[in-house]
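Trainee: Got a predicted structure plus its sequence, pasted below:
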Protein chains: 2
Amino acid sequence: MRNIKLTLEYDGSKFFGFQRQPNHLSVQESLESALSKFFNQPMKIAAASGRTDTGVHAEAQIVNFKTASDKSVAQIQKALNALLPESVAVKKVQQVSDDFHARYSAKSKTYEYCVWNAAVRSPLFGTRAWHIYDPLDIKIMRQAARILIGRHDFRAFCAANGSAKTSVRTIKKFLIKSQNHRIVFTLEADGFLYHMVRNIVGTVVELGQGQLKLKDIKAILQSKDRAKAGRTAPARGLTLVRVTY
Amino acid sequence: MRNIKLTLEYDGSKFFGFQRQPNHLSVQESLESALSKFFNQPMKIAAASGRTDTGVHAEAQIVNFKTASDKSVAQIQKALNALLPESVAVKKVQQVSDDFHARYSAKSKTYEYCVWNAAVRSPLFGTRAWHIYDPLDIKIMRQAARILIGRHDFRAFCAANGSAKTSVRTIKKFLIKSQNHRIVFTLEADGFLYHMVRNIVGTVVELGQGQLKLKDIKAILQSKDRAKAGRTAPARGLTLVRVTY
């Protein structure tokens, strides 16, 4: 059997999340049905970030599957892009070693969260962003980012229905860039808890609005209590941009 | 009567063009009905670029209207943004001199046309672009741009049903920028004929694909014959970015 790795880009607003579910179109279902059609047998995939919610986008979601077929990677890519809906594309197809697993082999993942920070909404540039009307204090939000970088128990930022065994994760990078009313939060970690990026961004934005103080961020992290943290930022602003192996 | 100037941003894919027409939602109709509601009387607007087609976007379309009301510009902006659909926003409201007319006072307009130039479509970055699969020759397209800059009779690039009295226009600027598979054509002129930007881009792209030679561009311009020029580039890649007065 060959092990095939795919790099996917998709517009999350067109799907009900990544993971297959009854009665709603998911990225997984679209992809598995395209693969099953092409290989003429039922196909299953594994994904780097299989639990991304409805509305979350990907510039580079990684999946893999096994096949006995001898179709070339170029043939696979061409066929999948023809069979898949417009809102998802296979950017790259690679044959990888047998032991590669899109999820378990991942060393880190990087997400970007975009905020449109202006008094007036932007029909063109705000469609994949969270609209915050009041000017955010970038400087204090960057101080919060420095507090959160590193190895911590992030339970306070994990959705109540999260299923991970441990809530200790290492944030390797947390950058905040601001340009022309767009604020982009970039977070890289060895793994993320359920809703972790959206809960961190929601909390840091409350700090940027002056609703929280810097000392509250430290206290929230130490409390390990979800009820202490800020709101969950909406899914539309979130994009999975990179998975490293 | 006060004369009020508005700067509008909109996502053209959500409207059937700018101009009011029966049975289809236009930007003009949305705006005039919001104004009529706010001022509690029938309102009419004039627009810088009133004939933009279905699918064409605007970062800064300019309109103006007259009113006897003493509502502040801030009140007008707030009310309109609350009354308008999400896909259009009033970015700026200014009181201007009596003789200002959004269309007739315009000195120049700038459009951007975006091409997504990659073998694979982009669900995230290609939605407001024309997808061209084969790599385009940027260098030769820039040489064509230099031929088209200046005062010329652009009849060859005007749609057959164009209604302008003269087809002589002056292209002041024609830039082509390429970055990460996105190619952006920026054209500034004292005015544009119907479909002129889309016909120029369609023709220059055929040159970039090797289907036309540089000498053909000169010959097409001189022919004044629409049938000689290339195809009309699709509306979705086009955005009105600036009107100067």
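Mentor: Good, I have the coordinates. Bear in mind that the values here come from a model prediction, so they are computed numbers and not experimental data.

Trainee: I'd like the distance between A:His24 and A:Asp137.
Mentor: 39 Å (C-beta to C-beta, to the nearest Å). To be clear about C-beta, it is placed using only N, CA and C from the backbone, and glycine gets the same treatment.

Trainee: Report the contact partners of A:Arg146.
Mentor: A:Arg146 makes contacts with A:Phe174, as judged by C-beta atoms under 8 Å, 6 or more residues apart in numbering or on different chains.

Trainee: backbone phi and psi for A:Cys114, please?
Mentor: Torsion angles at A:Cys114 (phi, psi; degrees, to the nearest 10) stand at phi -110, psi 130.

Trainee: count of residues packed around it?
Mentor: Residues near A:Cys114, counting by other C-beta atoms under 10 Å in any protein chain shown, number 21.

Trainee: That one bridge partners, please.
Mentor: Beta-bridge partners for A:Cys114, by DSSP bridges, are A:Val184.

Trainee: so what's it up against?
Mentor: A:Arg128, A:Ala129, A:Trp130, A:Arg182, A:Ile183, A:Val184, A:Phe185, A:Gly237, A:Thr239.

Trainee: go again using 10 Å as the cut-off
Mentor: A:Cys114 makes contacts with A:57, A:125-126, A:128-130, A:182-185, A:201, A:233, A:236-239, as judged by C-beta atoms under 10 Å, 6 or more residues apart in numbering or on different chains.

Trainee: Could you measure from it over to A:Asn180?
Mentor: In this structure, A:Cys114 and A:Asn180 are 12 Å apart, going by C-beta to C-beta.

Trainee: re the thing from before, which of the contacts of A:Cys114 are buried, as a ChimeraX select command?
Mentor: Burial among the contacts of A:Cys114 is assessed by 16 or more other C-beta atoms under 10 Å in any protein chain shown; the matching ChimeraX selection reads:
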select /A:57,125,126,128,129,130,182,183,184,185,201,233,236,237,238,239
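
Trainee: Which members of the contacts of A:Cys114 occur in strands, if any?
Mentor: The strands, defined by DSSP state E, take in A:His57, A:Trp130, A:Arg182, A:Ile183, A:Val184, A:Phe185, A:Leu238, A:Thr239 from the contacts of A:Cys114.

Trainee: any residues in contact with both of A:Cys114 and A:Asn180?
Mentor: A:Phe125.

Trainee: Alongside chain B, which residues does chain A contribute?
Mentor: Within reach of chain B by C-beta under 10 Å from any C-beta of the partner chain, chain A has these residues: A:7-14, A:57-59, A:77-78, A:81, A:84-92, A:118-128, A:131, A:239.

Trainee: Just the buried ones out of those residues, please.
Mentor: Burial by neighbour count, 16+ other C-beta under 10 Å: within the residues of chain A next to chain B this picks out A:7-12, A:14, A:57-59, A:77-78, A:81, A:84, A:87-91, A:118, A:120-128, A:131, A:239.

Trainee: So of the ones in strands among the contacts of A:Cys114, which two are at opposite extremes in space?
Mentor: Spanning the widest gap among the ones in strands among the contacts of A:Cys114 are A:His57 and A:Ile183, at 16.8 Å by C-beta to C-beta.

Trainee: measure the closest residue to A:Lys92 other than its chain neighbours to A:Val241 for me?
Mentor: In space, A:Lys92 comes closest to A:Thr7 once its chain neighbours are excluded; the distance is 3.9 Å by C-beta to C-beta, 6 or more residues apart in numbering or on different chains. In this view, A:Thr7 and A:Val241 are 11 Å apart by C-beta to C-beta.

Trainee: so what sits against both of the two?
Mentor: Common contacts of A:Thr7 and A:Val241, defined by C-beta under 10 Å, 6+ apart, comprise A:Ala58, A:Glu59, A:Ala60, A:Gln61.

Trainee: Of those residues, which belong to strands?
Mentor: Judged by DSSP E, these include A:Ala58, A:Glu59, A:Ala60, A:Gln61 as members of strands.

Trainee: Leaving out sequence neighbours, find the closest residue to the last one.
Mentor: For A:Gln61, ignoring the flanking residues on the chain, the nearest one in space by C-beta to C-beta, 6+ apart is A:Leu8 at 4.5 Å.

Trainee: Which of the helices or strands spans that neighbour?
Mentor: Under the criterion of DSSP states H and E, A:Leu8 resides in strand A:2-10.

Trainee: Also A:Arg142?
Mentor: For A:Arg142, the host element (DSSP H and E) is helix A:138-148.

Trainee: in that helix, what's buried?
Mentor: Judged by neighbour count (16+ other C-beta under 10 Å), helix A:138-148 contains these buried residues: A:Ile140, A:Met141, A:Arg142, A:Ala144, A:Ala145, A:Ile147, A:Leu148.

Trainee: Stretch A:210-225 too?
Mentor: Neighbour count says stretch A:210-225 has A:Leu212, A:Asp216, A:Ile217, A:Ile220, A:Leu221 buried, by 16+ other C-beta under 10 Å.

Trainee: what's the spacing between that stretch and its chain's center?
Mentor: 24 Å (C-alpha atoms, centre = their mean, to the nearest Å).

Trainee: what residues does it touch?
Mentor: Stretch A:210-225 is contacted from outside by A:134, A:136-137, A:140-141, A:143-148, A:152-158, A:167, A:199-200, A:203-207, A:226-230, using C-beta under 10 Å, 6+ apart.

Trainee: Just the mean pLDDT for that stretch, thanks.
Mentor: In this model, stretch A:210-225 has a mean pLDDT of 96.

Trainee: Please report phi then psi for A:Phe125.
Mentor: phi -110, psi -10.
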